[in-house]
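Asks: Generate coordinates for the sequence data below:
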Amino acid sequence: MKWLGLIYLISSSLCFAFDNPYLMRSPRGLLMGDAFTAVNDDDYTLFYNPASLGRHKRDFTFYPFNGHISGTNVLNDMDKFENFPDEPVGVAKVLMDYPAHASAGIAPGFKLFNVGVSFLSNESFDVLLRNKAHPMMDLDIRSDRGVLMGIGIPLGPGRLNRRTLSGSQTSLGVSAKYIERTGVRDTLALAGPTVIDSLGKDEMSEVLDSLGRVKGIGWGFDAGLEHVVKSGNSQVVLGLAAMDITGTEFKVDKNSNNLKVADSRNQVNLGLAGGQDYKFFHYILSADVRALNEEMDFGKRLRFGAQVGIPGFKFMAGVNSGYYSYGAMLDLAMLKLTAGFYEVELGSKYKQNKSSRFILYLSLFDFSFDA
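Replies: Now for the predicted structure:
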């Protein structure tokens, strides 16, 4: 039976506990269950579907500061940390099968008519200890810097009125991105030589280098279609997006050890959203079916979201792969503050490995004008 255990150990070590490494997600979208492909009307348009630029209704929109922080929601597990041990073995037992996450980033940019540009600076950290018999550590540490550029082109005779967005319109969107990614993505034995050697380093940079941190450069391309129908105060949007076409690979120079940072898989997503805006009250309902080009449990593909709002406030909720999210936004002219909790699936199957997280988002000095 020993060889069965060995096969299990090898197979488990090859299965990362982390999902597709998205560059960045809309905080508002995450709180709507990430069912955002057809909503896609905020600062993060180029991270979901460039075709949505075709319905940008102002001549110029500028968002100079839109920072976020997110992390593991420990409020649900306070008992776990009451008597936190000091020794490594005890720490490993407490954190076994408990996904740790932290992220902070900013994506300033602008939209000029149907053209959009977003700059990116984001830090993320994910680690998971598993397999009590032979502890393994799934590690994904990324530092991204780059720029995204895209355009949404209206097609056919249909056109939305740019001021009122009345009528119907089909748009084609394309975008390109240049990303410099520094980090490491690997599964390591907790008692293996790589981890033990890294613990003897003095500086954090030395620890990360010892774990296999490298720097890679990648070019990526996205494309999408979107159809918008607006009548009176009602709007329906159908969106189809092909993100990271053929995959976005990060080339590492002078890499004799074949170390890697996380590449982004190509992903085809379908979204539908509809709602009504009565000026003093609005609502949006949305749904996404993710990764149409990949094999996975159907439940893991599904996202559902809802937003209701009054002037100055928005409230969001959603379901992401069977897990829940909720939060609120304070929207006051050039200040937007968003806070909430969301859950994501880290495993390869439906409801296999949940990660509970919080997110805080602050946007300052946004403004729009018409020439």
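Asks: Which residue ranges of the stretch 151-300 of the chain form strands?
Replies: Under the criterion DSSP state E, counting those that start in this stretch, the stretch 151-300 of the chain contains strands at 167-189, 214-231, 234-243, 267-277, 282-289.
Asks: Would you format those strands as JSON lines with mean neighbour count and distance to Tyr326 included?
Replies: To be clear about C-beta, it is placed using only N, CA and C from the backbone, and glycine gets the same treatment. Shown next, in JSON lines, are those (neighbours: other CB atoms under 10 Å; distance: least, CB to CB, whole Å):
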{"stretch": "strand 167-189", "mean neighbour count": "19", "distance to Tyr326": "30"}
{"stretch": "strand 214-231", "mean neighbour count": "20", "distance to Tyr326": "27"}
{"stretch": "strand 234-243", "mean neighbour count": "20", "distance to Tyr326": "23"}
{"stretch": "strand 267-277", "mean neighbour count": "19", "distance to Tyr326": "18"}
{"stretch": "strand 282-289", "mean neighbour count": "20", "distance to Tyr326": "15"}
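Asks: what's the closest of the ones you listed to Gly318?
Replies: strand 282-289 (8.1 Å; CB to CB).
Asks: can I assume Val252 is in contact with Gly212?
Replies: No. Using CB atoms under 8 Å as the test, Val252 is too far from Gly212 to be in contact (10.7 Å).
Asks: Pull the contacting residues for Lys349.
Replies: With contact taken as CB atoms under 8 Å, 6 or more residues apart in numbering, Lys349 is in contact with Met296, Asp297, Lys300.
Asks: And the strands of the stretch 151-300 of the chain: which comes nearest Ala35?
Replies: strand 282-289 (4.3 Å).
Asks: From the contact counts, what lies against the closest one?
Replies: Using 3 or more CB pairs under 8 Å, 6 or more residues apart in numbering; DSSP states H and E, the elements in contact with strand 282-289 are strand 267-277, strand 302-310.
Asks: Tell me what angle the longest one forms with strand 214-231.
Replies: Pointing back at strand 267-277 there. If you take axes from the mean of the first three to the mean of the last three CA atoms, to 10 degrees, strand 267-277 sits at 40 degrees to strand 214-231.
Asks: neighbouring strands for strand 267-277, and are they parallel or not?
Replies: Using DSSP bridges, the strands paired with strand 267-277 are strand 234-243 (antiparallel), strand 282-289 (antiparallel).
Asks: Same list (those) but as CSV, adding mean pLDDT and distance to Ala51.
Replies: Shown next, in CSV, are the strands paired with strand 267-277 (pLDDT from 0 to 100; distance: least, CB to CB, whole Å):
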stretch, mean pLDDT, distance to Ala51
strand 234-243, 97, 7
strand 282-289, 98, 15
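Asks: Make TSV out of these and add distance to Leu75.
Replies: Below are the strands paired with strand 267-277 laid out as TSV (distance: least, CB to CB, whole Å):
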stretch	distance to Leu75
strand 234-243	32
strand 282-289	27
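Asks: Including distance to Pro135, could the strands of the stretch 151-300 of the chain go into JSON lines?
Replies: Shown next, in JSON lines, are these (distance: least, CB to CB, whole Å):
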{"stretch": "strand 167-189", "distance to Pro135": "7"}
{"stretch": "strand 214-231", "distance to Pro135": "24"}
{"stretch": "strand 234-243", "distance to Pro135": "34"}
{"stretch": "strand 267-277", "distance to Pro135": "31"}
{"stretch": "strand 282-289", "distance to Pro135": "35"}
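Asks: Lowest-confidence member of the contacts of Lys349, which is it?
Replies: Across those, the smallest pLDDT goes to Met296, namely 88.
Asks: In PDB, please show the C-alpha coordinates belonging to stretch 341-361.
Replies: Only the C-alpha atoms of stretch 341-361 are listed here, as PDB (Å, rounded to 0.1, in the frame of the first residue of the first chain):
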ATOM      1  CA  PHE A 341     -16.700  40.200   2.100                       C
ATOM      2  CA  TYR A 342     -16.500  37.600  -0.600                       C
ATOM      3  CA  GLU A 343     -15.600  33.900  -1.100                       C
ATOM      4  CA  VAL A 344     -13.900  32.100  -3.900                       C
ATOM      5  CA  GLU A 345     -13.200  28.500  -4.900                       C
ATOM      6  CA  LEU A 346      -9.500  27.500  -4.800                       C
ATOM      7  CA  GLY A 347      -9.900  23.800  -5.700                       C
ATOM      8  CA  SER A 348     -10.300  22.100  -9.100                       C
ATOM      9  CA  LYS A 349     -13.900  21.000  -8.200                       C
ATOM     10  CA  TYR A 350     -17.100  22.600  -7.100                       C
ATOM     11  CA  LYS A 351     -17.200  23.600  -3.400                       C
ATOM     12  CA  GLN A 352     -13.800  21.800  -2.800                       C
ATOM     13  CA  ASN A 353     -11.700  24.500  -1.000                       C
ATOM     14  CA  LYS A 354     -13.300  27.800   0.000                       C
ATOM     15  CA  SER A 355     -11.300  31.000   0.700                       C
ATOM     16  CA  SER A 356     -13.200  33.700   2.700                       C
ATOM     17  CA  ARG A 357     -11.900  37.200   2.200                       C
ATOM     18  CA  PHE A 358     -12.500  40.900   2.800                       C
ATOM     19  CA  ILE A 359     -11.900  43.800   0.400                       C
ATOM     20  CA  LEU A 360     -11.600  47.600   0.900                       C
ATOM     21  CA  TYR A 361     -11.500  49.900  -2.100                       C
END
